[in-house]
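> Sequence first, predicted coordinates after that:
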Amino acid sequence: MTTTTTQPSTGEDAQFIAAVPPRPFGLVRHSLVMARRSLIKTMRTPEQLLDVTLQPIIFIVLFVYLLGGAIAGDRHAYMQFLLPALMVQNVLFASAPTGVSLNTDIKNGVFDRFRSLPISRSAPLIGGVLGDMIRFVVSIAVMIGVGYALGFRVETSFLEVVAACLLVMFMAFCFSWMFVLLGMIVREPGAVQGLGFVIMFPLTFGTNVLVPTNTLPGWLQAWVKVNPVADAMEAARALMVGQGEVGTPVLKTFLWSLAILAVFAPLAVRAYRRKA
């Protein structure tokens, strides 16, 4: 019978291992890996994109052909007024399921596995939000594609349209952190979705999405003037069809988005860490 002796690590070896520095940009790398996981999950279950493919079509057809003649007297003119604002509305709606998805992962124990990995604590949240941005791209593409098929036409430059799309996507990215926070503090995915609709309906319909602001009652005009979503809709109209001023709505949308991100992203990360 033979015996094997194991030599303990020497002090020099231990010091060498301890001296190995961590790889740089760990949070960025970990977040991108998590974003890739979220994107793969979406691609393997494409029915998750049904809302951002069917909802834009339903909204365009419903509002243009139901309200266009009554409000604007001309469906094409109403399409030019409506579509940029509907794009903002639908992309913001597309940000809500991010919180539902993260809450589902927590409920199913997926995040327990993430906590055991040598990754940054906030990486699963950042990665989930980044991965779900594919929903914004699909919503915008469907909205513009269907709009063009029904008669919508861009009246500005290509770069201005790209700027409008990027601005709306950035705002939706920032709004996503509101729903991530809900996903961290609410116990059931269905409750996250229900609260998301309660938040999004007054923000997106209490705007000038369907009619000009000056046609609204005074109390509603006061709400529209302080509603960041209304600013985003004015910015999208100015950049895509040249209706209204460009600079002020774009700046206000950008600043509102940064403020929302600065408030809700740290709160969501803190809520997630408290669960660990």
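Noted; the coordinates are in hand. Numbering: from 1, shown residues only.

> okay, CA-based contacts and neighbour counts for the rest of this
Will do.

> Can you check the pLDDT for the nearest residue to residue 206 once chain neighbours are set aside?
Spatial nearest neighbour of residue 206, chain neighbours left out: residue 224 (6.5 Å); criterion: Cα to Cα, 6 or more residues apart in numbering. At residue 224, the model reports a pLDDT of 90.

> so who does residue 224 touch?
By Cα atoms under 8 Å, 6 or more residues apart in numbering, the contact set of residue 224 is 206, 207, 208, 213, 230.

> Which one of those residues sits in the busiest neighbourhood?
residue 207 (28 neighbours; other Cα atoms under 10 Å).

> so it makes contact with residue 228?
No. Using Cα atoms under 8 Å, residue 207 is not in contact with residue 228; the gap is 9.2 Å.

> ok, back up a step: of the contacts of residue 224, which belong to helices?
residue 230 (DSSP state H).

> export the contacts of residue 224 to a markdown table and tack on pLDDT?
Listed next are those as a markdown table, based on pLDDT from 0 to 100:
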| residue | pLDDT |
| --- | --- |
| 206 | 86 |
| 207 | 88 |
| 208 | 88 |
| 213 | 86 |
| 230 | 93 |
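
> could I get the contacts of residue 224 as TSV with distance to residue 177?
Listed next are these as TSV, based on distance: Cα to Cα, whole Å:
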residue	distance to residue 177
206	21
207	22
208	24
213	28
230	19
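
> and of the contacts of residue 224, the nearest to residue 267?
Nearest to residue 267 among those is residue 230, at 25.0 Å by Cα to Cα.

> May I have the phi/psi pair for the closest residue to that closest one other than its chain neighbours?
Spatially, and ignoring its direct neighbours in sequence, residue 230 is nearest to residue 207 (5.1 Å; Cα to Cα, 6+ apart). Dihedral angles of residue 207 (phi, psi; degrees, to the nearest 10) stand at phi -140, psi -170.

> May I have the residues that are in contact with residue 207?
Residue 207 sits in contact with 213, 223, 224, 227, 229, 230, where contact means Cα under 8 Å, 6+ apart.

> Could you rerun that using 10 Å?
Counting by Cα atoms under 10 Å, 6 or more residues apart in numbering, residue 207 touches 85, 89, 201, 213, 216, 220-221, 223-231, 233-234.

> I'd like to know which of the residues you listed are buried.
By neighbour count, with 16 or more other Cα atoms under 10 Å, the contacts of residue 207 hold 85, 89, 213, 221, 224, 227, 228, 229, 230, 231, 233, 234 as buried.

> sorry, back to before: and the residue nearest to residue 206, what element?
Using DSSP states H and E, residue 224 maps to helix 218-226.

> wait, which of the contacts of residue 224 is closest to residue 174?
When those are compared for distance to residue 174 (Cα to Cα), residue 230 wins out at 15.7 Å.
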